[in-house]
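Undergrad: got a predicted structure plus its sequence, pasted below:
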Amino acid sequence: MVRCFLIHTVCPVSALSAGESRLLFSRVFGPDEGVLTEQHRGLGPEERRVLRREKTAVVARQVRSAVSLSREASGRPPVEAVPGEEALALQEAGSGAVRLRAGDPFPEEMSALWLAVQSLGFTLVCEPHENLPLAEGTLRNLTRHCLEHLHMLGPGSEVLLRSDRVDALLSRLLPHGQLLFLNHRFAQSLEKEVAAYMAK
Amino acid sequence: MYSHGSESLIKQARDIQEAELKKFYRRLAKLLQGKELGHEAMDSLQRLHLILSATKFTRTLPAELQKGLLPLLSSPVEQLQLLSSAVLRETLPLSGEELNYTQEDVLQLNSHTAALLLSQAGSRADLSSLCAQLLRSLESRQSDGPTHSLMQTLPILNTIITHSPECLTEDHLTLLSKKIVDWLRYASITQGGGASSGGFFTGPRSRQPVPTAELDGTVSGDFFTVLCVGQGFTDDQWMNVYSFSMLRHWLLTYHSVPSGSTIADADDRSEVDGSVVSMVSATSSSSRLLPPKERLREKAFQYCLRLIEQSDRKALKRTDTELQKACLVEAVCILDCVCVEDTSLVYRTFPCVKALFGRLSSDLTFARVLLPIAQFYLNHGEMAAVDCESVWKLVFGRFPAELFNSPFLAHELLRFLRLNLESLQLRVPEYTRSFPNLLKFLAWDSPAVVDDFVDLLPSLVTAETAVELLHTMLDLPCLSATLLLQLRSTCSPISEPGGRGLLSLDAFRSASLRGLFLYLLRTEAGSGDTIDRLSTLHELLAEAADWPRVVQCAQTVPVLLHIFFSAVVMIADEKLSAHLILVMLERSSLLLNIPTYIKEIHRVFSCHLLRLCKLRPSLVVDQSHELLEFAGTTANVYSKDEIYTHVVWALGEYLSVSSDSRCSVRLITSCFEALEAVLFEITSSAPPPGAACPVPRVITTLMSALAKLASRSHDLIPRVSLFLSKLRTVTRGGSVAWCTDEEDLVAIVMRGEELWSLLKTPGVAQSVLTPPPHVTTPQWHRDTNLSMPLQLRTLTSLTHTQ
């Protein structure tokens, strides 16, 4: 299962300190694991929410760090794609996987797959036994749809004001965190539904 | 992309004032009371979501607003369902208003309400009742019921069993096993959605059901799988996709071999059943007689074999080719799973997996598929008596050598190694010899994989290869540069237009120097610890010292060296320890010239040199010749002060009869003379041009060492005392050329005076400066003199009842 899907900054943000990342969209799937483990049994729903938020913040920070190190190492100048060039932006996007050790921040070990498009990172946190090639493909697909339907290559803030679109996308392509084996026909059918939603 | 506008929106949402917020809540609650909810309501809901999610602290909504939101969850407009679910997920439910799991009309349960229920679940009981509801609706479902609610059943169940597998009862498991079997194996093989084979002019009578097709366009000849396409799909074909998507997780959760958790009878019964069942499963025609669990296993097996066959077809679309690869990975993993559960299946599976390996092994684009195959070989190869050598050649040979720069392959391969460490160390001798190859992942992308190597490195440390491993690790930045050159050399033309070529690239391509680089690029250990012309290599790569990848690599080496030494100390004997000390001394001046790198390595060396000497003090006497050579070279004071200090300290501390009985007076004297000469030299004149003043700690360490040596051979005491008093006289005159800081000078002089007064009483000096072992390593309970009182006291406290 995918534990969460995040969209966050991977560029320096003036209001934040150097390594921090601003979360623009965060969706955690499934029940709160804190409810079912001994460790956090005593926490109320409010504290559990704070804990959940802090965990996603930790993931975002780790991915931000991985992205900036990866970009530094490759030494390639960043490609500035404009709206309409989503395919190019995706092609030029850096990608990688970060190993999240058990306890840091999830109780079990996880793999955080990331795709970095200019100043934003798209991250999928998967359980390690998950099919990572499938996860990578799903992440690329999700990113492409987000870039297109939320016009993310432009200066707008639709990802903040139209977050329901991302939720609609996730409910089709990654329902409750389930990765799906979709051939092009199944994917087309779901994407038609998504497009119909976006048109409203 | 991320604009100033977005940042200010978030700031506004976080900083919204209480009064304004209350006004907003009231307005929204009023809007929601209206019959038709238009754009204003939608936008307000969006804004509410942003306000709630912008901060990590939870805001509680007023009761009236919450009451207005709940009905939206079942609104016919999806956007309202979505927005209300998203908003409610970000806030706390009113007590008493929590969604009632039993009363909710589950047939109407849409995906977004389900998401809310899941996120608000407060206990296992909540999840169990949700499960029960879902399964009840699954069982009693009308055939023309809403499709969406059916399709999300499996994903919801899958997420629940990830956290709480006990939520499903035995009956549930049986029901689901049966349903999944139906969906996987018996989904319809005709296209759904009213597709017909007729053209424009054909009438309704000629509407024949069209069979589904394979990815290469040919008509499907066997049962439906995720790799079949059609114009439209039927419900059970969709369920085929959802079932397969969760199949591996299901098998891992409920089909893993029981570890003695059930009652003894059940265990025996299942063992007997198991053996009967495996005979039966060998002939798939009688699979109808199998219990649901075993039947699911058999169908999963068949599905995977079919996927493997289907993946051999050339897909017409690129995304489908990628899907085929993902399906192969999944299929092999599921086969591995079922073979672990029922080992008799191994004989049916291996020919297929072996054929797949043969098909894919020469194509590096399938590397990520070959890793699960390697796992299969590792788990079952021994049982099937199959030769796995070609698999390991690939995993430890070609993959690191040619695919070191694929981040996902690196991640998966290193994870494979970590998970199977014990197995690999036992059964695959190539593993420990392959470190020159495996370290290429680290040399290329240190930050991403250093964490994996922290776990893997100890297993790569063996007595035979430790020295070569040390050399390899010290030259990791050179390997990093070489890999860059290797890639550059294949990409760029032979002669750069404009002549702005890299010196190192030319060297890499030149026939005479290529051998140096090829040594670094070797795939296996065992062909020599290092090369003679290492300094030449360093010179050629000097310009690489500021390449980002090389710098990142250099930053991880010290950490891994610590791990290396901690591991090697456990297995090193006297001879190996001595060899390691010599390597450290030698390599301290033979490193790629990256400024902080050399300093850090020296620090690591100092620490571990000392550690080795502490563990085996006789090493100092053993290697005294080399250590003295190092300590007697004045230049080392300036260029390697950290190591120098520690070598001198070690000599002072351990060159004594109590460490090793072979330590002679002559040895002590020659050591003394060597150190004395250096101390004279550095305190009699200004440092050589270009060098800074010697670090004060070097001087005090030298003085202490000389004093220690003198305390063991009393004829040397007058010489030390003379030097120390001369030092006092010289420094009384004011500043000196070899020490610019007044405080440091005072400290040095004070130490000199302390040693001088100590040496006035040789007997005391000897006990202080060369304490006998029973003082430095107290034995306590092991010492008969001390242990008796302790024993008596223990017995007393045990036997006396108060």
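TA: Sure, I can see it.
Undergrad: check chain A for its longest helix and report it.
TA: Scanning chain A for the longest helix, with DSSP state H as the assignment, gives helix A:45-74.
Undergrad: what ranges do the strands span in chain A?
TA: Per DSSP state E, chain A carries strands over the ranges A:2-9, A:23-28, A:94-100, A:110-117, A:120-126.
Undergrad: measure how the shortest one sits relative to strand A:2-9, angle-wise.
TA: Between strand A:23-28 and strand A:2-9, the angle formed by their directions is 180 degrees, by axes from the mean of the first three to the mean of the last three C-alpha atoms, to 10 degrees.
Undergrad: from the contact counts, what lies against strand A:23-28?
TA: For strand A:23-28, the elements it packs on are strand A:2-9, helix A:45-74, helix A:158-161, helix A:163-173, judged by 3 or more C-beta pairs under 8 Å, 6 or more residues apart in numbering or on different chains; DSSP states H and E. Every C-beta, even on glycine, is put in place using the N, C-alpha and C of the backbone.
Undergrad: with the fourth one instead?
TA: In this structure, strand A:110-117 packs against helix A:45-74, helix A:86-92, strand A:94-100, strand A:120-126, helix A:132-149, helix B:407-419, with contacts taken as 3+ C-beta pairs under 8 Å, 6+ apart.
Undergrad: pLDDT below threshold where in chain B?
TA: Across chain B, the ranges flagged by pLDDT under 70 are B:94-108, B:141-148, B:193-207, B:257-288, B:493-501, B:774, B:778-786, B:802.
Undergrad: and the residue nearest the centre of it, what element?
TA: Note on chain B: the residue nearest the mean C-alpha position is B:Asp452, at 3.2 Å, using C-alpha atoms, centre = their mean. Mapping B:Asp452 onto the secondary structure by DSSP states H and E places it in helix B:446-460.
Undergrad: buried residues, that helix. List them.
TA: Using 16 or more other C-beta atoms under 10 Å in any protein chain shown as the burial criterion, the residues of helix B:446-460 that qualify are B:446-453, B:455-460.
Undergrad: next SSE after that helix?
TA: Using DSSP H and E, the helix or strand that follows helix B:446-460 towards the C-terminus is helix B:466-474.
Undergrad: where does B:Arg666 land in three-state SS?
TA: Three states are possible here, and by DSSP: H, G, I helix; E, B strand; the rest coil the one that applies to B:Arg666 is helix.
Undergrad: and it, how many residues sit next to it?
TA: The criterion is other C-beta atoms under 10 Å in any protein chain shown. On that basis, B:Arg666 has 9 neighbouring residues.
Undergrad: thinking again about what came up before, which residues touch the helix holding B:Asp452?
TA: A:65-66, A:69-70, A:73, A:96-99, A:101, B:407, B:410-411, B:414-415, B:417-418, B:421, B:424-425, B:431-432, B:435, B:438, B:441-442, B:469, B:480, B:552-553, B:555-556, B:559-560, B:563-564, B:566-567 (C-beta atoms under 8 Å, 6 or more residues apart in numbering or on different chains).
Undergrad: okay if I get the helices and strands packed on strand A:23-28 as CSV plus distance to B:Glu214 and mean pLDDT?
TA: As requested, the helices and strands packed on strand A:23-28 are exported to CSV (distance: least, C-beta to C-beta, whole Å; pLDDT from 0 to 100):
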stretch, distance to B:Glu214, mean pLDDT
strand A:2-9, 29, 96
helix A:45-74, 38, 92
helix A:158-161, 39, 90
helix A:163-173, 24, 95
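Undergrad: format these as a markdown table; extra columns: mean neighbour count.
TA: Written out in a markdown table, the entries for the helices and strands packed on strand A:23-28 read as follows (neighbours: other C-beta atoms under 10 Å in any protein chain shown):
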| stretch | mean neighbour count |
| --- | --- |
| strand A:2-9 | 24 |
| helix A:45-74 | 19 |
| helix A:158-161 | 20 |
| helix A:163-173 | 23 |
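Undergrad: could you measure from the residue in chain A sticking out farthest from the centre over to A:Gly34?
TA: Outermost residue of chain A with respect to the C-alpha centroid, by C-alpha atoms, centre = their mean, is A:Gly42; its distance is 29.7 Å. Taking C-beta to C-beta, to the nearest Å as the criterion, A:Gly42 is separated from A:Gly34 by 10 Å.
Undergrad: next: B:Arg697.
TA: Distance from B:Arg697 to A:Gly34, by C-beta to C-beta: 51 Å.
Undergrad: helices or strands up against the helix or strand containing B:Met42?
TA: Counting by DSSP H and E, the element that carries B:Met42 is helix B:39-53. Secondary structure elements in contact with helix B:39-53, counted by 3+ C-beta pairs under 8 Å, 6+ apart, are helix A:158-161, helix A:163-173, helix B:4-15, helix B:18-33, helix B:78-89.
Undergrad: neighbouring contacts of it?
TA: Applying C-beta under 8 Å, 6+ apart, the set of residues contacting helix B:39-53 from outside is A:26, A:160-164, B:9-10, B:13, B:16, B:21, B:24, B:27-28, B:31-32, B:34, B:58-59, B:79-80, B:83-84, B:86-87, B:90-91.
Undergrad: quick one, what contacts the residue nearest to B:Leu755 when sequence neighbours are not counted?
TA: When the adjacent residues along the chain are set aside, B:Leu755 lies closest to B:Ala707, with 4.4 Å between them (C-beta to C-beta, 6 or more residues apart in numbering or on different chains). If a contact means C-beta under 8 Å, 6+ apart, then B:Ala707 has B:Gly652, B:Val720, B:Leu755, B:Leu758, B:Leu759, B:Ala765, B:Leu769 as its contacts.
Undergrad: same list (these) but as JSON lines, adding secondary structure, neighbour count and distance to B:Phe680.
TA: Formatted as JSON lines, the entries for the contacts of B:Ala707 read as follows, by DSSP: H, G, I helix; E, B strand; the rest coil; neighbours: other C-beta atoms under 10 Å in any protein chain shown; distance: C-beta to C-beta, whole Å:
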{"residue": "B:Gly652", "secondary structure": "helix", "neighbour count": "27", "distance to B:Phe680": "17"}
{"residue": "B:Val720", "secondary structure": "helix", "neighbour count": "24", "distance to B:Phe680": "12"}
{"residue": "B:Leu755", "secondary structure": "helix", "neighbour count": "23", "distance to B:Phe680": "16"}
{"residue": "B:Leu758", "secondary structure": "helix", "neighbour count": "16", "distance to B:Phe680": "21"}
{"residue": "B:Leu759", "secondary structure": "helix", "neighbour count": "23", "distance to B:Phe680": "18"}
{"residue": "B:Ala765", "secondary structure": "helix", "neighbour count": "22", "distance to B:Phe680": "22"}
{"residue": "B:Leu769", "secondary structure": "helix", "neighbour count": "21", "distance to B:Phe680": "21"}
